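Asks: 3D, please:
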Amino acid sequence: MQLIRGIQGITAADQHAVVTIGNFDGVHRGHQALLKQVKYLSFRHKKKALVIVFEPQPQEFFLRRKYFTRLSTLRDKAIDFMDYEVDRLLILPFNAQLATLTAEDFVQNILVKYLKLDHLVVGDDFHFGADRKGNIDYLEQMAKQYHFSLEVPESIVWRKQRVSSTLIRESLQANQLHAVEELLGHPYRVCGRVVKGDGRGRKIGYPTANVHIPPGGLSVRGVYAVKVEGITPKAIFGVANIGTRPTMGGHQTQFEVHLFDFKQDIYDCRMRVNFFKKLRDEVEFSSVKALKKQIEQDIQMTKDFFLE
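Replies: Numbers count the residues shown, from 1 in each chain. Next comes the predicted model:
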């Protein structure tokens with residue numbers, strides 16, 4: 001898959017593609033249906049499959065990253081797009097200029113002038129342009145005017161609700177990880193690089209891999225039973241903690257994973273942490289001894305969970 005950063009990076013080889021547009025936050029089952037349709041059309045018409053995303057995501061731009069947490073980073077999305085054989089990923093910087101671009105200008109300048117698209121696939125709730133005035137009805141008019149095909153697959157429905165990134169965030173906040181897995185098509189997961197920590201876990205007998213937290217933060221907090229991929233051929237079970245470690249005098253949020261029966265040096269390695277069950281909220285214990293006793297219970301609960 002080729003990355004294209006901004007419209008200035010578009011070349012003739014990227015034009016006349018099958019295009020889809022969106023945030024693709026989490027790349028959930030609804031997104032996956034769009035990607036499958038894009039790939040089907042690209043194969044059928046012998047065209048490139050091209051995905052347009054925005055960085056930062058529009059919600060992040062307007063909220064200045066406050067009160068909004070991503071489900072997936074750009075890197076996470078790119079990895080998922082490669083699984084669906086996307087040929088091109090066009091990353092448009094979402095700034096004040098793009099935020100004020102009208103729906104008409106977006107179609108005329110980006111889709112038609114620069115991309116010269118032949119086919120467009122979008123979700124049935126797709127809105128775009130300044131004040132989100134562009135919608136499916138408008139795109140149908142533009143498709144006729146500029147002679148490109150438009151396909152709008154129906155939303156994927158789960159328990160009478162449309163699958164969406166918002167629904168997934170709400171389910172995570174409610175600790176409904178099984179529901180999240182059904183909405184995503186896989187467990188909720190976070191990819192990150194292992195960074196140097198302060199070694200406090202090792203000092204009390206439970207060394208941890210400290211995972212870099214992306215700028216937008218994480219959608220989960222507390223203690224979880226997890227399975228880690230990417231550092232050994234087989235997945236490794238473990239316990240993850242996302243919190244400030246109050247018993248150890250911490251103040252900043254940390255993402256730590258204690259890996260079972262593992263002693264390798266994995267600094268700077270990237271790993272994917274899959275979340276399966278929330279064990280408890282993070283609490284401040286009366287002593288380090290009490291904390292260690294709880295960690296032992298967390299480990300046993302995790303082992304029991306994966307052995308069920």
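Asks: what segments of the stretch 51-200 of the chain are strands?
Replies: 88-93, 119-121, 149-151, 157-158, 161-162, 188-195 (DSSP state E, counting those that start in this stretch).
Asks: R272 belongs to a helix, doesn't it?
Replies: No: R272: not assigned to a helix; according to DSSP: H, G, I helix; E, B strand; the rest coil it is strand.
Asks: shouldn't it be in contact with C191?
Replies: Yes: R272 is within contact range of C191, at 4.7 Å (criterion: Cβ atoms under 8 Å). For every residue, glycine as well, the C-beta is placed using N, CA and C.
Asks: next, show the common contact partners of those two.
Replies: Residues touching both R272 and C191 by Cβ atoms under 8 Å, 6 or more residues apart in numbering: G230.
Asks: confidence score at T69?
Replies: Looking at T69, its pLDDT is 85.
Asks: ok, it - contacts?
Replies: T69 neighbours (Cβ under 8 Å, 6+ apart): R169, G216, G217, L218, S219.
Asks: and the second one, what helix or strand is that in?
Replies: So the one you mean is G216. G216 belongs to no helix or strand when elements are defined using DSSP states H and E.
Asks: burial check on it, number of neighbours?
Replies: By other Cβ atoms under 10 Å, 17 other residues sit near G216.
Asks: phi first, then psi, for the closest residue in space to it that isn't next to it in sequence.
Replies: In this structure, G216 finds its nearest non-sequential neighbour in R70, 4.4 Å apart by Cβ to Cβ, 6 or more residues apart in numbering. Reported as degrees, to the nearest 10, the phi and psi values for R70 are phi -70, psi 150.
Asks: my guess is R70 contacts C191. True?
Replies: No: applying Cβ under 8 Å, one finds R70 not in contact with C191, separated by 12.0 Å.
Asks: please identify which of those two sits among more neighbours.
Replies: R70 (24 against 18).
Asks: and the more buried one, what does it touch?
Replies: Per Cβ under 8 Å, 6+ apart, neighbours of R70: D25, Q57, E60, P214, G216, G217, S219.
Asks: and these, which of them are buried?
Replies: Neighbour counting by 16 or more other Cβ atoms under 10 Å classes D25, Q57, E60, P214, G216, S219 among the contacts of R70 as buried.
Asks: measure the fourth one to L98 for me?
Replies: Separation of P214 from L98 (Cβ to Cβ, to the nearest Å) stands at 22 Å.
Asks: and the fifth one, by the same measure?
Replies: Distance of G216 to L98, given as Cβ to Cβ: 19 Å.
Asks: the first one now?
Replies: Here the criterion is Cβ to Cβ. By it, D25 lies 17 Å from L98.
Asks: ok, now A17?
Replies: Counting by Cβ to Cβ, the separation of A17 from L98 is 20 Å.
Asks: swap in G205?
Replies: 51 Å.
Asks: who's more crowded, these two?
Replies: With other Cβ under 10 Å as the criterion, G205 and L98 differ in neighbour count, and L98 comes out ahead with 17 against 9.
Asks: T302 contacts F237, doesn't it?
Replies: Yes: shown here, T302 and F237 form a contact pair, counting by Cβ under 8 Å, at 6.4 Å.
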